[in-house]
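Colleague: Generate coordinates for the sequence data below:
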Amino acid sequence: MPGVSIIVCTYNPVEHIFSRCLDALTKAISVRKPDEIIIVDNNSTTPLAEQDYIKRFIDLHANVSIVNESKQGLTPARLKGISLATSDLLVYVDDDNIVAPDFIEMGLQVAVDNPHIGAWSGQVKLEFEKTPEPWTKKYWGLLVHREFDRDYWSNLPHLGETMPCGAGLFIRKTVADYYYQIHKSGKRNIQLDRDGKSLFSGGDNDMAACACDLGLGVGLFHKIVVTHYIPPFRVEKEYLLRLAEGIAASAVVFRSFRGEYATEPSMKNRLAYHLRCILKNPIDRAFYQAVTRGEKAGLKMIRN
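Modeller: The predicted model follows:
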């Protein structure tokens with residue numbers, strides 16, 4: 001079995017949510033102990049090391065370290081974790097993820113059974129703090145909702161059906177190091193991740209897709225299970241619309257990194273767009289328009 005480094009990136013975490021994340025990690029660690037746990041504090045207002053519930057977690061586990069990344073954004077935090085990790089296999093857990101007790105064990109088994117896979121994740125189930133409105137279910141995919149009963153993999157970096165996500169991402173150190181060098185060499189001049197209030201996304205996809213750059217595959221494996229905790233504001237219409245727009249913009253930029261460039265729509269496509277808007281119900285129309293705005297913003301970014 002390869003060694004394991006667990007990396008948790010966080011910024012101003014909500015105590016009752018992050019506590020559950022750490023409690024779940026404690027249970028998973030009792031099944032399969034990692035070599036190290038690196039908590040990256042992305043410049044939180046109150047340093048994590050000063051908070052009692054995090055001190056208790058550190059007291060329970062001798063192999064935990066808290067490091068600070070002063071540059072704001074999820075991408076710098078992830079890169080910090082890569083630079084410090086010493087194991088052959090890195091595992092990213094978000095601060096609102098509640099991993100299953102066998103999470104580490106199942107992810108490790110994939111590493112052993114599939115040496116051709118460089119990055120992978122699993123099912124992501126949603127736990128809502130407050131029951132959301134029924135119409136939102138259609139858009140839960142924006143919150144990385146994934147439930148399935150078989151495994152999928154490919155060596156195609158733009159295939160969404162096999163692309164791992166950052167919630168419970170397993171990635172071989174060789175692939176993560178390659179991603180790190182891409183950033184350090186200046187080849188990524190657009191940050192594909194959250195930064196303050198921005199809802200840009202896709203850094204996890206870009207990191208996983210580096211496996212394909214190195215001749216390996218990416219995949220989704222159903223025995224790996226993570227629960228994503230969703231507070232009420234994240235299922236409000238305004239937030240979901242902003243999220244849809246941010247994801248659409250970042251998707252255009254992500255595809256451009258590997259030679260797939262979007263183009264301005266033709267007159268025919270613009271007319272078809274307006275017709276589709278007319279035919280949709282008000283909620284679907286709003287999301288359709290948000291995605292279109294995002295794609296235009298992404299195209300503008302890569303041109304600039």
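
Colleague: in this structure, which spans are helices?
Modeller: 15-31, 52-60, 74-84, 103-113, 173-184, 203-213, 237-256, 267-279, 282-303 (DSSP state H).

Colleague: Compare those and report which one is nearest to residue 96.
Modeller: helix 15-31 (5.3 Å; C-beta to C-beta). C-beta: built from backbone N, CA, C; applies to glycine.

Colleague: quick one: the closest one to helix 103-113, angle?
Modeller: With axes from the mean of the first three to the mean of the last three C-alpha atoms, to 10 degrees applied, the angle from helix 15-31 to helix 103-113 works out at 50 degrees.

Colleague: Show me which residues of helix 15-31 are buried.
Modeller: For helix 15-31, burial by neighbour count (16 or more other C-beta atoms under 10 Å) applies to 17, 18, 19, 20, 21, 22, 24, 25, 28, 29.

Colleague: if we can go back for a sec, can you list the helices of the chain in a markdown table and add distance to residue 221 and mean pLDDT?
Modeller: As requested, these are exported to a markdown table (distance: least, C-beta to C-beta, whole Å; pLDDT from 0 to 100):
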| stretch | distance to residue 221 | mean pLDDT |
| --- | --- | --- |
| helix 15-31 | 16 | 96 |
| helix 52-60 | 27 | 93 |
| helix 74-84 | 21 | 96 |
| helix 103-113 | 5 | 97 |
| helix 173-184 | 16 | 97 |
| helix 203-213 | 13 | 96 |
| helix 237-256 | 22 | 95 |
| helix 267-279 | 36 | 75 |
| helix 282-303 | 29 | 91 |
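
Colleague: Buried deepest among those helices, which one?
Modeller: Of all those, helix 203-213 has the most neighbours on average by mean count of other C-beta atoms under 10 Å, namely a mean of 24.

Colleague: Now do that helix against helix 74-84, angle only.
Modeller: Angle of helix 203-213 versus helix 74-84, following the same axes, to 10 degrees, is 50 degrees.

Colleague: So which other helices or strands are in contact with helix 203-213?
Modeller: helix 74-84, strand 117-128, strand 169-172, helix 173-184, strand 217-230, helix 237-256 (3 or more C-beta pairs under 8 Å, 6 or more residues apart in numbering; DSSP states H and E).

Colleague: Relative to residue 261, how far out is residue 253?
Modeller: For residue 253, the distance to residue 261 (C-beta to C-beta, to the nearest Å) stands at 10 Å.

Colleague: Overlap in contacts, these two.
Modeller: residue 302 (C-beta atoms under 8 Å, 6 or more residues apart in numbering).

Colleague: Throw the helices and strands packed on helix 203-213 into JSON lines and include distance to residue 278, thanks.
Modeller: Below are these laid out as JSON lines (distance: least, C-beta to C-beta, whole Å):
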{"stretch": "helix 74-84", "distance to residue 278": "38"}
{"stretch": "strand 117-128", "distance to residue 278": "32"}
{"stretch": "strand 169-172", "distance to residue 278": "40"}
{"stretch": "helix 173-184", "distance to residue 278": "43"}
{"stretch": "strand 217-230", "distance to residue 278": "32"}
{"stretch": "helix 237-256", "distance to residue 278": "19"}
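
Colleague: Any idea which of these gets closest to residue 13?
Modeller: Set against residue 13 and scored by C-beta to C-beta, the helices and strands packed on helix 203-213 come closest in strand 217-230, at 11.0 Å.

Colleague: got the CA coordinates for that closest one in PDB?
Modeller: The C-alpha coordinates for strand 217-230 follow below in PDB (Å, rounded to 0.1, in the frame of the first residue of the first chain):
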ATOM      1  CA  GLY A 217      -6.400   8.000 -16.400                       C
ATOM      2  CA  VAL A 218      -9.000   9.600 -14.100                       C
ATOM      3  CA  GLY A 219     -12.000   8.000 -12.600                       C
ATOM      4  CA  LEU A 220     -14.900   7.800 -10.200                       C
ATOM      5  CA  PHE A 221     -15.200   4.800  -7.900                       C
ATOM      6  CA  HIS A 222     -18.500   4.100  -6.100                       C
ATOM      7  CA  LYS A 223     -17.100   2.600  -2.900                       C
ATOM      8  CA  ILE A 224     -15.500   5.900  -2.000                       C
ATOM      9  CA  VAL A 225     -18.100   8.000  -0.300                       C
ATOM     10  CA  VAL A 226     -18.100  11.600   1.000                       C
ATOM     11  CA  THR A 227     -21.000  13.600   2.400                       C
ATOM     12  CA  HIS A 228     -21.000  17.300   1.400                       C
ATOM     13  CA  TYR A 229     -22.600  19.500   4.100                       C
ATOM     14  CA  ILE A 230     -24.800  22.200   2.600                       C
END
